[in-house]
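[1] Show me the folded form of this:
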Amino acid sequence: MLPASSSDLIASEATRISEIHTAAGVPEKVFSRFYLPVLLAYMDHVQKMPLSNAAFSRPGGAIDFGLTSALISLRLAGTQMFNPTLASEERRVLEPQCRFAAFAATMATGVVLLSENTLITTRDNDVEYHPLVSPVPLSVWLAQHPVSMFTWRKGAQELTQSEGAAIAARFMPNGILNNFDLRVSLMLYNAINPKPLQNGIESTIARVVRQTISKVITHHVQVEVRQYQERGSDVHYDPAADLCIKADAFMQDDMIGPGSTIESIESPLQTAPATHHSSALPGGTVRNIENNDKGDALLNMAHPVLREWFQMLSKHENFPKLKELLKVSERGIAVPITMLGAFGVAGTSIRKMMVDADLIVDRTEDGRGILLKLQLQPWFMGGS
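    This next block holds a predicted model:
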């Protein structure tokens with residue numbers, strides 16, 4: 001693999017860089033001093049690599065992911081108040097720093113995700129590149145090792161937040177945070193590749209990063225699915241097997257954290273109307289995932305794999321027996337944990353998607369199930 005100049009890569013994406021500048025809403029001098037160095041560093045660290053085998057898997061995928069995420073993070077950050085409890089004078093200083101921090105943390109997360117998914121070595125495998133230990137970015141390493149190769153990491157553990165912060169510390173241009181408030185710098189490094197928190201508490205910067213990654217990845221998957229459907233295929237299609245593959249890919253990336261539904265923001269990533277898929281429920285009732293039912297509205301915001309899981313559940317040959325395992329109360333619908341593993345999909349994958357879509361109310365008292373929102377009752381019980 002041969003290195004590419006970061007300035008050349010930036011120049012080749014001039015239109016998107018201009019969009020990022022507009023979204024940042026800062027003068028040219030500020031953009032050149034802070035934002036552009038981060039973008040150049042990102043190009044140096046990801047080069048023309050794909051991001052993962054589940055999303056942005058083509059050459060240059062990491063760049064596509066990074067520039068798209070940069071734009072969305074800035075647009076989302078522009079709608080947030082990061083320090084609502086501070087006096088207005090202090091907020092005027094810290095808010096612009098927090099918006100930049102959300103952007104920088106998103107870019108650093110891209111570098112972390114790339115290192116989680118890819119293995120870059122010399123041809124004889126005696127030297128490996130990794131941003132956590134390499135003293136130079138990937139572009140320089142490739143120049144030093146022109147005979148190198150790339151493969152996907154097999155069964156590698158995801159990096160912890162502290163490991164991600166360490167990579168970010170190497171990735172960030174020297175001195176760029178020198179005049180930043182220490183509180184903002186700490187929040188930046190704590191927002192790298194944010195992980196699910198059991199107490200659900202996270203900084204606004206971390207939430208912006210998490211929601212940005214979620215929106216970008218989800219949109220990319222939806223586009224890929226639509227393109228496949230438009231092309232058509234004569235190959236035998238097994239929906240259960242396909243669902244397993246997509247769920248496995250989701251968990252390999254593990255980039256979507258828990259919390260409230262992704263906020264709608266004006267961006268080119270607004271999803272096109274979804275393809276209509278109907279699923280037959282008992283009594284001959286046909287429900288469409290895009291009708292105005294509250295349960296359907298909840299699922300419209302969920303991951304596509306989770307929507308397919310619900311559709312397949314309602315059409316399962318043992319659906320009447322599965323319904324008998326459910327218990328409905330004023331608190332919600334009690335669903336056994338074992339049911340989440342239907343169709344061969346890991347129950348942990350489905351549960352995580354339910355958490356991300358804010359569908360879970362609580363655990364059942366015996367700890368053997370979860371309570372889902374009552375609005376989902378038509379999907380489980382066959383009637384509202």
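[2] After the helix or strand where Lys29 lies, which helix or strand is next?
    Assessed by DSSP states H and E, Lys29 sits inside helix 28-30. Note on helix 28-30: by DSSP H and E, the next helix or strand toward the C-terminus is helix 36-46.
[3] Please tell me the pLDDT value assigned to Val221.
    Predicted confidence (pLDDT) for Val221: 78.
[4] That one and Leu306 touch, don't they?
    No. Using C-beta atoms under 8 Å, Val221 is not in contact with Leu306, being 11.9 Å away. To be clear about C-beta, it is placed using only N, CA and C from the backbone, and glycine gets the same treatment.
[5] Please identify which of the two sits among more neighbours.
    More crowded of Val221 and Leu306, by other C-beta atoms under 10 Å: Leu306, with 24 against 19.
[6] Give me the phi and psi angles of the closest residue to that one other than its chain neighbours.
    The shortest distance from Leu306 to any non-neighbouring residue, by C-beta to C-beta, 6 or more residues apart in numbering, is to Met353 (4.0 Å). Main-chain torsions, Met353, degrees, to the nearest 10: phi -70, psi -40.
[7] biggest helix in the protein, by residue count?
    Using DSSP state H to define each element, the chain has its longest helix at helix 88-117.
[8] What residues sit buried inside it?
    For helix 88-117, the neighbour count (16 or more other C-beta atoms under 10 Å) marks 91, 94-117 as buried.
[9] Which SSE is immediately downstream of it?
    strand 118-122.
[10] roughly how far is the following helix or strand past that following strand from the heart of the chain?
    Moving toward the C-terminus from strand 118-122, the next helix or strand (DSSP H and E) is strand 128-129. Chain-centre distance of strand 128-129: 26 Å, with C-alpha atoms, centre = their mean, to the nearest Å.
[11] partners of strand 128-129, with directions?
    Strand pairing for strand 128-129, using DSSP bridges, gives strand 118-122 (antiparallel).
[12] outside of the strand it pairs with, which residues touch it?
    1, 49-50, 52, 127-129, 138, 141, 145, 147-153, 156 (C-beta atoms under 8 Å, 6 or more residues apart in numbering).
[13] Could you pick out the buried ones from those?
    1, 49-50, 52, 129, 138, 141, 145, 148.
[14] Would you mind checking which of those residues is nearest to Phe171?
    Set against Phe171, the nearest of these by C-beta to C-beta is Leu138 (10.5 Å).
[15] What are the boundaries of the strands in this protein?
    118-122, 128-129, 148-152, 278-281, 285-288, 327-328, 333-336, 360-363, 369-372 (DSSP state E).
[16] now the first one: mean pLDDT?
    For strand 118-122, the per-residue pLDDT values average out at 91.
[17] mind checking how far it is from the chain centre?
    24 Å.
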